[in-house]
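# Sharing a sequence plus its predicted fold:
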Amino acid sequence: MATHTTTRPPAAIADRSILIVEDERLVHWSLARALEKAGYVVRIAETGAEALAALSDRRFSLVITDLGLPAGGGLEVAEAIDPATPVIVISASQELTSLAENPKIRNRFEKPFDLGDIVSAVARLLPL
């Protein structure tokens, strides 16, 4: 159970917190570094169960989730999120096209993706 949390001033935590739900360590590490560098506060969950526990602890400004996760899938995580919280889905699978009608999902990225594209999508949803 690897959960990564960064520290920033309380105001930033309230307004710019992102939960990354991704089981591939290189992917979540790269995403976290890029988003932290852009000024966001990041927490990582490697399984669906860890994500659900994190979501029960606090509200996040945005969630980035993989679809294929151990211990609960990304769609289960997306369904547990407050409807006002935007979700970005990342996946190596072709399931991304079936998510077009889910109003919570604001963006979809197929792996491999460009980190800059995700940071730009986040910046549009959570401007600094």
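Perfect, I can see it now. Since the model is a prediction, treat every value here as computed from it, not as a measurement.
# Would you mind identifying the helix or strand in the protein with the lowest mean pLDDT?
Sorting the helices and strands of the chain by mean pLDDT, DSSP states H and E puts helix 10-15 at the bottom, at a mean of 46.
# Tell me the helix or strand right after that one.
strand 17-21 (DSSP states H and E).
# in that next one, what's buried?
17-21 (16 or more other CB atoms under 10 Å). Quick note: C-beta positions are derived from backbone N, CA and C, even for glycine.
# Surely residue 56 is within a helix?
Yes - judged by DSSP: H, G, I helix; E, B strand; the rest coil, residue 56 forms part of a helix.
# count of residues packed around it?
Using other CB atoms under 10 Å, residue 56 has 8 other residues around it.
# which parts of the lengthiest helix in the chain are buried?
In the chain, with assignment by DSSP state H, the single longest helix is helix 25-37. With burial defined by 16+ other CB under 10 Å, the residues of helix 25-37 counted as buried are 27-28, 31-32, 34-35.
# same deal with stretch 121-128?
121-122, 125-126.
# now stretch 55-75
Going by 16+ other CB under 10 Å, stretch 55-75 has these buried residues: 55, 60-67, 69, 72-75.
# pLDDT (mean, whole number) over that stretch?
If you average the pLDDT over stretch 55-75, you get 86.
# Flag the shaky bits of the protein, pLDDT-wise.
Along the chain, the model assigns pLDDT under 70 to residues 1-14, 93-103.
# the helices in it, which residues?
According to DSSP H, the helices that the chain contains are 10-15, 25-37, 48-57, 74-80, 115-125.
# Using TSV, lay out those helices together with distance to residue 109.
Shown next, in TSV, are those (distance: least, CB to CB, whole Å):
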stretch	distance to residue 109
helix 10-15	23
helix 25-37	10
helix 48-57	18
helix 74-80	12
helix 115-125	6
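# Among those helices, which comes closest to residue 88?
Residue 88 lies closest, by CB to CB, to one member of the helices of the chain: helix 115-125, at 6.1 Å.
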